[in-house]
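[1] Prediction below, plus the sequence it came from.
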Amino acid sequence: MLKTLFPTLSRFRLFVQFVMLFLTVWGSVVFGHYSAEKISSALPALSCAYDMQNGGYCVLVPTQHQIHHRIGMAMVAAQQLTFQMVLPLLMTIASFFAFFFVFGKAFCGWVCPLGTLQELIGKVGRRFNLPLRRFAPGNLGDVKRVRPVKWLLLLALVFVLPLLAGLGTVPHSLGNPYCDICPSRIATTLLTGSTEQLAIRVNDTVSFSLGAIANVLIGFILVAALAMRQPFCRICPMLSFNALFQRLSPLRLVKKTGEHCGKCRICSDACPMDIPEISTEAGRKAYHEDCTLCGRCSEYCPQDGVIALKWGPLTLFASSREYYKDKVKGELPDGTVKPLKFARNAAPATGDA
């Protein structure tokens, strides 16, 4: 059935991404606010809480708020840490962790609306042959400098600053700093026709600074996505949040050692996160913390059964030479696609005046 409806894994994933983009941005329009609120507990992706029409939610929101309003303020009051204080935090994120366990990092590669938008913008860039800026798969230098950023953002903006705000050490306006700079907050609300989140608050210096950073960040991402695949995903704290639990999830990337592994590097060329380890390593090291489980490496591996997406013992998709040969007819590993018909059929310029 999958072969009939969706001839490639990428097309099936794109279909799922469009469905989830519609749900996470305009979900309440279809299901009603009450139902969308219920659905939101099951979709831990960067679906912004500031979007009143969405059908998804962001696990980083309750994490910041619980640390700010419960743990931090409770410690200021010198109250003893008890189950009555910790339990609300655990209950808030328990459902998210349950879905992390079931679906793992597929939320990044299949559900996240901001990830989908970056990917669609990237397709526009490839369609018009704009230069592609990549981290060289054979050189870990640039990659190693970028990789720690997502962990620093998670630690500082999601955990430390909300806690310090609750303790009264830093201004109250730093209670949910990640949400204040999150590009998904602006991108998804703009898709609903609301420009409210573009407005910069001027009531204090901290709020003004965070708002300015948010506007600059979303502008940079929208432009950078034309020339770089998934620019924000590389530093997204949601990716690091998912990475904390990726070894617990039954949904995972599995790679065996192939005859040509480390030589052709086609899989790392196909990876939108420019993960060189997918071509040079096998086993646990190949399933890197930056992986979003998009499955492109398995689609573009020309060796039978070397790279697979698995859920527990079940193989959901595995690489094959025949699939690879069909796939590259329409799109190359780096995302370059066939030229548009009008461009392909156009007569070449002669240079005559």
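    Looks like it came in fine.

[2] per-residue confidence at Cys182?
    Cys182 carries a pLDDT value of 93.

[3] Near it, how many other residues are there?
    29 (other C-beta atoms under 10 Å). No exception for glycine: its C-beta is placed from N, CA and C like everyone else's.

[4] Next, the contact list for it, please.
    46, 48, 58, 60, 214 (C-beta atoms under 8 Å, 6 or more residues apart in numbering).

[5] tell me which of the residues you listed is nearest to Ile278?
    The closest of these to Ile278 turns out to be Leu46 (C-beta to C-beta; 23.7 Å).

[6] list the contacts for the nearest residue to Gln17 once chain neighbours are set aside?
    Excluding the flanking residues, the one nearest Gln17 by C-beta to C-beta, 6 or more residues apart in numbering is Thr116, at 4.3 Å. Listed by C-beta under 8 Å, 6+ apart, the contact partners of Thr116 are 17-18, 20-21.

[7] for Leu226, same thing?
    By C-beta under 8 Å, 6+ apart, the contact set of Leu226 is 121-122, 124-125, 130.

[8] and if we set it to 10 Å?
    By C-beta atoms under 10 Å, 6 or more residues apart in numbering, the contact set of Leu226 is 118, 121-126, 128, 130-133.

[9] which residues in the stretch 51-200 of the chain form helices?
    Remark: helices assigned in the stretch 51-200 of the chain by DSSP state H, counting those that start in this stretch are 60-66, 73-76, 83-103, 106, 113-127, 141-153, 161-167, 177-181, 183-191.

[10] so which of those gets nearest Glu331?
    Among those, the nearest to Glu331 by C-beta to C-beta is helix 113-127 (8.3 Å).

[11] Can you report how many residues neighbour the residue lying closest to Tyr300 once chain neighbours are set aside?
    Residue nearest to Tyr300 in three dimensions, not counting chain neighbours: Ala270, with 3.8 Å by C-beta to C-beta, 6+ apart. Other residues lying near Ala270 total 27 when counted by other C-beta under 10 Å.

[12] Gly335 is in contact with Ala270, correct?
    Yes - using C-beta atoms under 10 Å, Ala270 makes contact with Gly335 at a distance of 8.2 Å.

[13] what do these two both touch?
    Common neighbours of Ala270 and Gly335 (C-beta under 10 Å, 6+ apart) are Arg296.

[14] show me where pLDDT drops low in this structure?
    Within the chain, the ranges that satisfy pLDDT under 70 run 1-6, 33-47, 49, 52-57, 70, 72-97, 100, 136-142, 338-353.

[15] any idea which residue sits dead centre in it?
    By C-alpha atoms, centre = their mean, the chain has its centre lying nearest to Cys108, at 3.6 Å.

[16] so who does that residue touch?
    By C-beta under 10 Å, 6+ apart, the residues touching Cys108 are 45-46, 114-115, 230, 233, 236, 238-239, 241-243, 273, 290-294.

[17] cool, and Glu119?
    Counting by C-beta under 10 Å, 6+ apart, Glu119 touches 13-14, 17, 109, 112, 225, 229-230, 233, 272, 294, 335.

[18] Ranking by neighbours, what's the top pick from the residues you listed?
    Taking other C-beta under 10 Å as the neighbour criterion, Cys112 ranks highest of these with 32 neighbours.

[19] close enough to count as contact, that residue and Met20?
    Yes - using C-beta under 10 Å, Cys112 is in contact with Met20, at 8.0 Å.

[20] just the strands in this structure please.
    Ranges of strands within the chain are 251-255, 307-311, 314-318, based on DSSP state E.

[21] can you tell me which of those comes nearest to Val328?
    strand 307-311 (15.6 Å).

[22] Distance-wise, check Leu198 relative to Pro183.
    Counting by C-beta to C-beta, to the nearest Å, the separation of Leu198 from Pro183 is 12 Å.

[23] From Lys144, how far off is the nearest residue to Phe232 once chain neighbours are set aside?
    Take Phe232 and drop its neighbours on the chain: the residue closest to it by C-beta to C-beta, 6+ apart is Ile221, 5.0 Å away. Plainly put, Ile221 is 22 Å away from Lys144 if you go by C-beta to C-beta.

[24] With Trp110 instead?
    Trp110 is 27 Å from Lys144, by C-beta to C-beta.

[25] out of the two, which sits in the more crowded spot?
    Trp110 (22 against 10).

[26] got a list of what the residue nearest to that one when sequence neighbours are not counted touches?
    Computed as C-beta to C-beta, 6+ apart, the closest residue to Trp110 that is not its neighbour in sequence is Val16, at 5.2 Å. By C-beta under 10 Å, 6+ apart, Val16 lies in contact with 6, 106, 109-111, 116.

[27] so can I have JSON lines of the residues you listed showing distance to Gly283?
    Converted to JSON lines, those look like this (distance: C-beta to C-beta, whole Å):
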{"residue": "Phe6", "distance to Gly283": "29"}
{"residue": "Ala106", "distance to Gly283": "20"}
{"residue": "Gly109", "distance to Gly283": "20"}
{"residue": "Trp110", "distance to Gly283": "24"}
{"residue": "Val111", "distance to Gly283": "27"}
{"residue": "Thr116", "distance to Gly283": "30"}
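
[28] No further questions, thank you.
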